[in-house]
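# mind folding the following:
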Amino acid sequence: MTKKPKYEIQRTLVISTAHITKCDDTLLGKDNLYGISVEPLTAGYRLFINEDSAARKSAIQDGASKALCDLIELAFKQKCCWLDLDPDGPVVDGLPKFDW
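Predicted coordinates:
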C-alpha cells in the first residue's frame, strides 16, 4: 500500500513570453484558451496543464500558434501542472522566439 504524501507539490514550467506570438498574447488575455484555464499574472500568464489531451490539441485548431501549443505539450511532458509565461522568464535556446 502506497503511503499518501504529506504535502502536495505541483511543478511549474516558467518560460519567457518571447516564445509566444502577439496573437497568442491576445488569446491568453481572454482568460480561457479552449478548455485550458488561464490566469493573468502581474506580467504574463499562468496556464493550468491537465491530462485532457483533447483540450491541449484543440488549442491549435482554435487559433493558438504551434509555438504555444508546443510549450503546453512540453509542460505536460515534463509533468508540470502549470505553465508560467513571464516576460522575465528564461529564453530557451532551440525554441522559436518572437519579437513583439
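
# what about the residue nearest in space to the middle of the chain, which SS state?
For the chain, the residue nearest the mean C-alpha position is residue 83 (3.7 Å; CA atoms, centre = their mean). Classification of residue 83 using DSSP: H, G, I helix; E, B strand; the rest coil returns strand.

# helices along this protein, start to end?
For the chain, the helices defined by DSSP state H cover 22-28, 53-61, 66-77.

# average pLDDT for the second one?
Per-region confidence: helix 53-61 scores 66 on mean pLDDT.

# all further residue positions should be reported with the first residue as 151.
I'll keep to 151 as the first residue from here, and by that count the last item is helix 203-211.

# how near is the residue nearest to residue 234 when sequence neighbours are not counted to residue 233?
With sequence-adjacent residues excluded and distances taken as CB to CB, 6 or more residues apart in numbering, residue 234 is closest to residue 164, at 4.5 Å. All C-beta spots, glycine's among them, are computed from the backbone N, C-alpha and C. Counting by CB to CB, to the nearest Å, the gap from residue 164 to residue 233 is 8 Å.

# could you do residue 158 as well?
Residue 158 is 18 Å from residue 233, where distance means CB to CB.

# shaky segments in this protein?
The model of the chain has pLDDT under 70 over residues 151, 181-184, 202-212.

# let's see that with 80 instead.
By pLDDT under 80, the low-scoring segments of the chain are 151-152, 180-185, 200-213.

# quick check: residue 225 touching residue 201?
No: Residue 225 lies out of contact with residue 201 (CB atoms under 8 Å); the separation is 12.0 Å.
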